[in-house]
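> I would like the atomic coordinates for the input below:
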Amino acid sequence: MIYRVLRWLIFQATATRIDVLHSPFVFKLYQQALKRNKEISSDSFATNYRITPQQLRLCTNVLLYMHHSSVSDLRHSVNTSTEGMLLADAATDDSSLLDSVGFTLSERVFLAVLNIHESPKAAAFYETVLNKSYAHVCVDVFHVAFIFYRPEQAPQRFCLRV
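Modelled structure (predicted):
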């Protein structure tokens, strides 16, 4: 618990404000998905993970923004998704699962990682994701991080307050 509070304080001190955001892709994602306040029922979001209402709202809004509807569990669906979101939990998943994600991510499939600030183990999991070659655009909004494969862009990492 103390680790999470310290990570939150560090996040608040270092997170980027929207008015200095320089990526058109991330700016549009922020304006049209992350800042939306649409209420979503949990029935429409099938997952085996422990997910908070804030994580549910953020993930669903990004799914809608990307015009996708499918959610796949990273532990069970690697290499089967052709579009949608792969969902991982940094607090409980094994980083060995990430080796096969590179074959799955595309411009139509993105990765959402929950609980990246939960513990040192979760932070290490997220660092492993950031160092993968498929992690072109990473958007950390504290509750969840979104990893997009965009080969036309140089690798970029963003921490945004929502």
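> Show me what the strand or helix carrying residue 110 is packed up against.
Using DSSP states H and E, residue 110 falls within strand 109-114. Helices and strands touching strand 109-114, by 3 or more Cβ pairs under 8 Å, 6 or more residues apart in numbering; DSSP states H and E, are helix 53-65, strand 84-89, helix 120-130, strand 144-148. Glycine gets a C-beta too; all of them are placed from N, C-alpha and C.
> lowest-pLDDT helix or strand in this structure?
Within the chain, no helix or strand scores below helix 74-77, which has a mean of 56 by mean pLDDT, DSSP states H and E.
> So for the nearest residue to residue 125 once chain neighbours are set aside, what's the pLDDT?
Spatial nearest neighbour of residue 125, excluding adjacent residues (Cβ to Cβ, 6 or more residues apart in numbering): residue 90 at 4.0 Å. pLDDT for residue 90: 81.
> Tell me which residue is most central in this structure.
With distances taken as Cα atoms, centre = their mean, residue 146 lies nearest the centre of the chain, 2.2 Å away.
> number of nearby residues for the closest residue in space to that one that isn't next to it in sequence?
Nearest residue to residue 146 in three dimensions, chain neighbours excluded: residue 139, at 4.6 Å (Cβ to Cβ, 6+ apart). Neighbour count for residue 139, taken as other Cβ atoms under 10 Å: 27.
> what's the first-to-last distance across stretch 126-138?
Terminal residues of stretch 126-138 lie 10 Å apart, using Cα to Cα, to the nearest Å.
> Show me which residues of it are buried.
The neighbour-count check on stretch 126-138 (16 or more other Cβ atoms under 10 Å) flags 126, 129-130, 132, 134-138 as buried.
> between the residues you listed, which is nearest residue 1?
Nearest to residue 1 among the buried residues of stretch 126-138: residue 126, at 18.5 Å, using Cβ to Cβ.
> Could you verify my assumption that the closest one touches residue 114?
No: if you go by Cβ atoms under 8 Å, residue 126 and residue 114 don't touch, sitting 10.2 Å apart.
> what sits in contact with each of those two?
Common neighbours of residue 126 and residue 114 are listed as residue 90 (criterion: Cβ atoms under 8 Å, 6 or more residues apart in numbering).
> quick revisit: how far does the strand holding residue 110 sit from the chain's center?
4 Å (Cα atoms, centre = their mean, to the nearest Å).
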